[in-house]
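Participant: Sequence first, predicted model second:
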Amino acid sequence: MKPDILEVQPQELKFLFELKKQSSCSVQMNNKTNQHVAFKVKTTNPKKYCVRPNTGVIDPKSTCDFTVTMQAQKAAPPDMICRDKFLVQSTVVPEGTMEEDVTSHTFAKEDGKSVDEKRLKVILLPPPDSPESSPDNGTLNLVHNNEGREIKDENVQKDSSNDKVDEGLEVLKIEGARVDAKRKEESFKRTEPVTRNEEPVTRNEEPVAKNEEPVKTIEQPVKRIEEPVKKIEEPIKRSQEYIKRNEEIIQNDTEELLLAKEVEETKLKVKELESKLNEAKATIIRLSEEKRLATQEKHFIQGELDLLRSKRHRAQVGFPLLFVFMVALVSLYLGYLLHR
């Protein structure tokens, strides 16, 4: 058997069932390992129950509670038997895992991953003032039984008195001489029921004293019923305290979320500014490179212009000398021809 990752108490969810009223039950989970454990609570009837929190991460060697709230019901189930069930899944997760990271894929049984599952049953308890749990029915039955016993005792007393009368008549038949005396005694005895009726009155006092014992015996189950009611009130108080803590945690979480959003927005703005600065630096470098190339081209063109100017100047200076030299040669040739 695989060792249990979480110890879940209690194994049965007991709800105090009352029509049109909600009922809550608290469950405690104990992480017995030296690792972080993620848990998830599932139910066969999610519309009927509300689980808070239904997922989370438990630190090593620590405990965590979750509260199950049953919604108000319009009708009671037959024989107060509920077939709803809960499943608590748990598995080891790496350190630093947050509650938002716990998903259904976390508990997928793949690659030899160990997933512990605990199944919890639902038990419905009747309210203390219901006819099923009230002790009044027991007292009424005891009173009726006592009354029946008193009636039977009176009938036995009457039967015994009638037997005595019959015996007296037989004696009178045997003793003929004393018939008148016996009849007078019988008439006297018949007038005695007024005094004998006083006896049942005193005898009726005994069952009243006896009935005090059933009342005491009835008080014991009443006390026994009050004890589970007190036990139920304790988890309700715990759940209320847990809800208050959760509300404070939610408020703190909302503030932290707002701060986190503001920090993220500022980070985005800083990133945008950095990207713009990088673009500006790139444009500056590109423009400076273009400027350098332009200056080089300018110097190159300037040099070429200087060369062209120098060549042009040389051409302008040499052309008149050649013209003069040619003219001189032509004049010498003409002079030679004339002298001949």
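Facilitator: That came in fine, so what should we check first? Numbering: from 1, shown residues only.
Participant: mean confidence for the longest helix belonging to the chain?
Facilitator: Across the chain, the longest stretch assigned as helix under DSSP state H is helix 198-339. Summarised as a single mean, pLDDT over helix 198-339 is 76.
Participant: Could you list every helix and strand that it packs against?
Facilitator: strand 12-16, strand 23-31, strand 63-70, helix 136-174 (3 or more CB pairs under 8 Å, 6 or more residues apart in numbering; DSSP states H and E). C-beta: built from backbone N, CA, C; applies to glycine.
Participant: what angle do that helix and strand 63-70 make?
Facilitator: 110 degrees (axes from the mean of the first three to the mean of the last three CA atoms, to 10 degrees).
Participant: tell me the angle helix 198-339 makes with strand 23-31.
Facilitator: Going by the same axes, to 10 degrees, helix 198-339 makes 60 degrees with strand 23-31.
Participant: Let me see the domain layout of this protein.
Facilitator: What automatic domain parsing lists as the domains of the chain is 6-125, 136-259.
Participant: Could you tell me the least trusted of these?
Facilitator: domain 136-259 (a mean of 54).
Participant: mind listing the strands for the stretch 1-150 of the chain?
Facilitator: Counting by DSSP state E, counting those that start in this stretch, the stretch 1-150 of the chain has strands at residues 6-9, 12-16, 23-31, 36-43, 49-52, 55-58, 63-70, 85-93, 115-125.
Participant: Spit out the contact partners of residue 118.
Facilitator: If you count contacts by CB atoms under 8 Å, 6 or more residues apart in numbering, residue 118 has them with 6, 8, 11, 87-88, 90.
Participant: Can I get these in a markdown table including distance to residue 323 and neighbour count?
Facilitator: Shown next, in a markdown table, are the contacts of residue 118 (distance: CB to CB, whole Å; neighbours: other CB atoms under 10 Å):
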| residue | distance to residue 323 | neighbour count |
| --- | --- | --- |
| 6 | 118 | 22 |
| 8 | 123 | 20 |
| 11 | 129 | 10 |
| 87 | 119 | 13 |
| 88 | 119 | 18 |
| 90 | 115 | 23 |
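Participant: Show me the two of those residues that sit farthest apart.
Facilitator: Using CB to CB, the contacts of residue 118 span at most 14.9 Å, a distance reached by 11 and 90.
Participant: Report whether the expected contact of residue 91 with residue 5 is present.
Facilitator: Yes: contact status for residue 91 versus residue 5: in contact at 7.0 Å, counting by CB atoms under 8 Å.
Participant: what do the two both touch?
Facilitator: Common neighbours of residue 91 and residue 5 (CB under 8 Å, 6+ apart) are 37, 114, 116.
Participant: what's the distance between the second one and residue 288?
Facilitator: In other words, residue 114. Computed as CB to CB, to the nearest Å, the residue 114 to residue 288 distance reads 64 Å.
Participant: try the first one
Facilitator: Counting by CB to CB, the separation of residue 37 from residue 288 is 61 Å.
Participant: The two: who's more crowded?
Facilitator: residue 37 (23 against 10; other CB atoms under 10 Å).
Participant: Great, nothing more from me.
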